[in-house]
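**Student:** I'll drop the sequence and a predicted model, then ask my questions.
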Amino acid sequence: MDMNMSFSHNMDDEYEKFIRRMNPPRVVIDNEACKNATVIQVDSANRHGILLEVVQILTDLNLIITKAYISSDGSWFMDVFNVTDQDGNKIIDEGILDYITKSLGPESCFTSSIRSVGVKQSMDHTSIELTGSDRPGLLSEVSAVLRHLKCNVVNAEVWTHNTRAAAVMQVTDEETGIAITDPEKLSRIKALLCNVLKGSNKSGLAKTVVSHSVTHTGRRLHQMMFADRDYERTGDDVLDDRPRPNVNVVNWYDKDYSAVTIRCKDRPKLLFDTVCTLTDMDYVVFHANIDTKGPDSYQEYYIRHIDGSPVKSDAERQRVTQCLEAAIERRVSEGLKLELCTTDRVGLLSDVTRIFRENSLTVTRAEVTTKAGKAINTFYVRDTSGYSVDAKTLDSIRQVIGQTILKVKGSPEDSKPDSQESPTRFLFGGLFKSRSFVNFNLVRSYS
């Protein structure tokens, strides 16, 4: 059975290479066609997932997609993207333009289609995936356990939505500086982190995966939260009156498509998040129109399921709507933005989140990166009481961490929540103000 599956996979891969050899993709980049954006046109043989692959490459370059026209009816895929840099300027960096051409053009023909959105092995670090119920102090507890186990967090991204939490963390061994290979230590990491996620609710749903695989972090977080059914509304969330994305799904019977329209506030990576979700739900985008006007975004997709059928029932329509709403909301940054830049060391994340916790701040989202021995971390924080972050509190935190190390982006008023408290306002923060983790029963039991 395994041999047959392997043979089938190899045949599919060889067939894909043959098709792309006969019909090499073409990339045209034009800085003259549009007054305020760089126009990128991609033509290629069509296959499931190619739209996500193209959008992901542009998104990972931190490009802003202001408009897009997508057509993939039949065997050919044709896309046009209007993109700018983060400051709204055209892309003139030759290195970036060359990378786009090589990544999407003929030179990419003989790389596997999973190269940018799939899984690959790495011995540079160990990947840890965590999913479970969100609660006060969770990131502090997770970081403390990793520090105790002499694991250095070199990269991490943390999301929460609808009282659920997900994180993808890349860690190295403190002694070797590379991936952790000791099976006993890997097993201990998995067991202890799973206990942390469960907390006092030992029957609660929690999942920990430890591996040497590398996946695209954004896509993996979407998959993890989707599998955790974070799109299902909780009782508290139904009462939350925050503005939600406007998502509508209707069937266009003449063409046998389902038309999906999305209106919401624009933000970076929005197109990736919606295309990623449709792809992972096994829907194929045949046509799409993306447009942004000021702070708002409009997206229109014409889709079918991978089996060729449009949306078949009200239940399926509701599920598509809820999943797209969740995909848009997961990456929304609630709270005051703090940026930390300092020399990396084991335990840094644990120390920083402890200081936040001691000052009654809750982290609503986090991105941790390490480059050339420097830790570059971004946190979105709120006061746990639901009020905007007090300026005196910020000054106190910056004095402890370092005025030049921790910088504030925006004003404390930016952290003020809407009239209704978000069901995830305790997101990875904490109400506990102990100076030592020995007061946490969970952490104490791991010492």
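**Tutor:** Sure thing, it's come through.
**Student:** for the record, mean pLDDT for the helix or strand harbouring residue 271?
**Tutor:** Assigning secondary structure by DSSP states H and E places residue 271 in helix 270-280. Averaged across helix 270-280, pLDDT comes to 96.
**Student:** distance from the chain centre to it, please.
**Tutor:** For helix 270-280, the distance from its own C-alpha centre to the chain's C-alpha centre is 11 Å (Cα atoms, centre = their mean, to the nearest Å).
**Student:** and that helix, what does it pack onto?
**Tutor:** Helix 270-280 sits against helix 50-60, helix 217-227, strand 257-265, strand 283-293, strand 296-305, helix 314-330, with contacts defined as 3 or more Cβ pairs under 8 Å, 6 or more residues apart in numbering; DSSP states H and E. Heads up, the C-betas are built off the backbone N, CA and C, glycines and all.
**Student:** could you pull out the helices for the protein?
**Tutor:** Secondary structure of the chain by DSSP state H: the helices cover 2-22, 50-60, 94-104, 138-148, 183-198, 217-227, 235-239, 270-280, 314-330, 348-358, 391-401, 441-444.
**Student:** so what pLDDT did the residue of the chain positioned farthest from its centre get?
**Tutor:** The C-alpha centroid of the chain is most remote from residue 254, which lies 36.1 Å away (Cα atoms, centre = their mean). Note on residue 254: pLDDT of 82.
**Student:** any idea how far it is from residue 310?
**Tutor:** For residue 254, the distance to residue 310 (Cβ to Cβ, to the nearest Å) stands at 11 Å.
**Student:** for this structure, which residue is closest to the average position?
**Tutor:** Note: the chain centre (Cα atoms, centre = their mean) maps to residue 218, 2.8 Å.
**Student:** that residue: what's it in contact with?
**Tutor:** Listed by Cβ atoms under 8 Å, 6 or more residues apart in numbering, the contact set of residue 218 reads 56, 59, 157, 269, 272, 273, 276, 331.
**Student:** before we move on, what about residue 325?
**Tutor:** The neighbours of residue 325, taking Cβ under 8 Å, 6+ apart as the test, are 231, 244, 245, 247.
**Student:** what about it, distance to residue 100?
**Tutor:** 31 Å.
**Student:** picking that back up, same list (the helices of the chain) but as a markdown table, adding distance to residue 71.
**Tutor:** What follows is the helices of the chain, written out as a markdown table (distance: least, Cβ to Cβ, whole Å):
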| stretch | distance to residue 71 |
| --- | --- |
| helix 2-22 | 18 |
| helix 50-60 | 10 |
| helix 94-104 | 16 |
| helix 138-148 | 43 |
| helix 183-198 | 44 |
| helix 217-227 | 23 |
| helix 235-239 | 37 |
| helix 270-280 | 14 |
| helix 314-330 | 21 |
| helix 348-358 | 45 |
| helix 391-401 | 49 |
| helix 441-444 | 53 |
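**Student:** run a quick neighbour tally on the nearest residue to residue 223 once chain neighbours are set aside.
**Tutor:** Ranked by Cβ to Cβ, 6 or more residues apart in numbering and with sequence neighbours excluded, the top spatial neighbour of residue 223 is residue 280, at 5.8 Å. As a burial measure, residue 280 scores 18 neighbours (other Cβ atoms under 10 Å).
**Student:** residue 280 touches residue 226, doesn't it?
**Tutor:** Yes. Counting by Cβ atoms under 8 Å, residue 226 is a contact partner of residue 280 at 6.5 Å.
**Student:** any idea what the spatially closest residue to residue 287 that is not a sequence neighbour is bridged to?
**Tutor:** Leaving aside its chain neighbours, residue 287 sits nearest to residue 302 (4.3 Å; criterion: Cβ to Cβ, 6+ apart). Following DSSP bridges, residue 302 is listed with bridge partners residue 259, residue 287.
**Student:** on the pLDDT front, check residue 302 for me.
**Tutor:** pLDDT, read off for residue 302, is 96.
**Student:** from residue 66, how far out is it?
**Tutor:** From residue 302 to residue 66 the distance is 21 Å (Cβ to Cβ).
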